[in-house]
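Give the three-dimensional model of this entry:
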Amino acid sequence: MPALPSWLTKPLWDQFAALLPERPEFRPDHPLGCHRRRISDRVIFDKLLQLLRFGCSYEAIADTACSATTIRNRRDEWIQLGVFARLKQIAMESYDRIVGLVLDQIAVDGSITKAPGGGEAAGRSLVDRGKQGLKRSGMTDGYGIPLGRVLAGANRHDSPLLAPTLDRLDDLGPMPEDITVHLDAGYDSDKTRALLNERGFHGRIAHKGEKAPIQASRRWHVERTHAWQNAFYRLSRCYERRTTVIGAFFDLADTIITVRSLIRRAWSTHRWDERPNRRP
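Numbers count the residues shown, from 1 in each chain. All right, here's what the predicted structure looks like:
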């Protein structure tokens with residue numbers, strides 16, 4: 001069963017393959033001049049997509065094509081090369097060039113997911129009977145394109161994570177002069193307002209004790225993006241223990257979300273050879 005439709009997998013793989021260094025099919029330093037063939041990068045890439053989408057274990061996804069150890073080793077090799085982070089950056093730049101990021105409207109919010117295996121970024125969840133959980137402080141543009149995130153334990157409050165989350169904007173280059181940050185009532189404090197003022201941002205913060213529909217502001221975009229990310233079961237129930245690996249899977253998921261949104265929004269305005277027959 002494919003993890004993603006072909007109209008989405010192919011552009012992802014084409015760009016991912018362009019970022020990979022060339023590797024010989026056989027090890028040139030083998031003493032006997034022979035060795036088992038190197039497993040194709042495309043096979044490993046498809047396995048990682050299945051891991052991300054279905055949330056199964058490495059042993060469950062391994063087969064005669066490649067072992068679980070090979071998947072982990074190739075994953076770590078690509079993380080060390082920075083391929084996942086670069087892929088996300090290219091997807092975001094392409095979206096900005098074709099559609100345009102709405103950077104004058106920023107939404108930030110936290111989301112807690114399960115982390116049964118614990119790990120470097122896990123903590124006791126206050127909303128899940130003290131079980132291990134993972135919190136991500138996510139940031140999106142005015143449409144919901146993920147711009148960055150900060151990982152922390154589930155016992156961390158959203159407010160202290162706001163500053164390092166907004167620091168991710170420095171990686172995007174020049175920003176609009178007038179930026180509004182949309183936040184929920186968890187950020188309703190003088191400290192948050194002072195932080196936004198120092199950075200020259202306008203804050204639209206929900207007030208504690210006042211019920212208001214989420215549609216009252218543009219904060220619902222980040223809530224929708226959290227739902228998109230949680231549709232990848234590797235992220236909604238995280239068994240990875242290392243922060244670098246979790247970040248790589250998040251980068252891959254954010255790339256898929258960005259490319260899918262790009263294809264969906266450009267479907268009626270652009271034409272290309274492998275354009276889907278129907279709007280995705």
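
Checking my notes, I256 in a helix, right?
Yes - counting by DSSP: H, G, I helix; E, B strand; the rest coil, I256 falls inside a helix.

burial count for it?
Using other CB atoms under 10 Å, I256 has 25 neighbouring residues. C-beta here means a position set from N, CA and C on the backbone, and glycine is covered the same way.

now D188
Applying other CB under 10 Å, we find 17 residues neighbouring D188.

What does it show for phi and psi?
When quoted as degrees, to the nearest 10, the phi and psi of D188 stand at phi -80, psi 90.

try Y239
Backbone torsions for Y239, taken as degrees, to the nearest 10, come to phi -100, psi 0.

what residues are up against the closest residue in space to it that isn't next to it in sequence?
Among residues not flanking Y239 along the chain, G117 sits closest, at 4.6 Å (CB to CB, 6 or more residues apart in numbering). When contacts are counted by CB atoms under 8 Å, 6 or more residues apart in numbering, G117 touches 132, 238-241.

By neighbours, which of those residues wins?
Most neighbours among these, by other CB under 10 Å: C238, with 27 neighbours.

right, and that one touches K114 too?
Yes - at 7.0 Å, C238 and K114 qualify as touching, with contact defined as CB atoms under 8 Å.

Could you name every residue contacting both of those two?
In contact with both C238 and K114: L134, using CB under 8 Å, 6+ apart.

picking up where we left off before, and the contacts of G117, which of them are in strands?
Q132 (DSSP state E).

Taking the contacts of G117, tell me the two that lie furthest apart.
Based on CB to CB, the longest span within the contacts of G117 runs between Q132 and E240 and measures 12.3 Å.

okay, and the common contacts of those two?
117, 119.

ranges for the helices of the stretch 1-150 of the chain?
For the stretch 1-150 of the chain, the helices defined by DSSP state H, counting those that start in this stretch occupy 6-19, 41-54, 58-61, 68-81, 83-98.

how about the nearest residue to E59, chain neighbours excluded?
Nearest one to E59, counting by CB to CB, 6+ apart, is A68 at 4.9 Å.

Pull the contacting residues for the one you found.
57-59, 61-62.

Just put those in a markdown table and tack on neighbour count.
Listed next are the contacts of A68 as a markdown table, based on neighbours: other CB atoms under 10 Å:
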| residue | neighbour count |
| --- | --- |
| S57 | 10 |
| Y58 | 17 |
| E59 | 10 |
| I61 | 16 |
| A62 | 17 |
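
Between the helices of the stretch 1-150 of the chain, which one is closest to D128.
Nearest to D128, of all the helices of the stretch 1-150 of the chain, is helix 41-54, at 22.4 Å by CB to CB.

what residue ranges in the stretch 1-150 of the chain score low on pLDDT?
Scanning the stretch 1-150 of the chain for pLDDT under 70 picks out 1, 30-35.

let's see 80
1-2, 24-37 (pLDDT under 80).

Going along the chain, name the strands of the stretch 51-200 of the chain.
Secondary structure of the stretch 51-200 of the chain (DSSP state E, counting those that start in this stretch): strands located at 105-114, 123-124, 132-140, 146-153, 180-183.

Quick one: list the elements packing against the longest one.
Packing contacts for strand 105-114, counted by 3 or more CB pairs under 8 Å, 6 or more residues apart in numbering; DSSP states H and E, involve strand 132-140, helix 162-166, strand 180-183, helix 220-230, helix 233-236.

repeat that with 7 Å
Here strand 105-114 touches strand 132-140, strand 180-183, helix 220-230, going by 3 or more CB pairs under 7 Å, 6 or more residues apart in numbering; DSSP states H and E.

pLDDT of the shortest one, averaged?
I take that to be strand 180-183. Average pLDDT, strand 180-183: 94.
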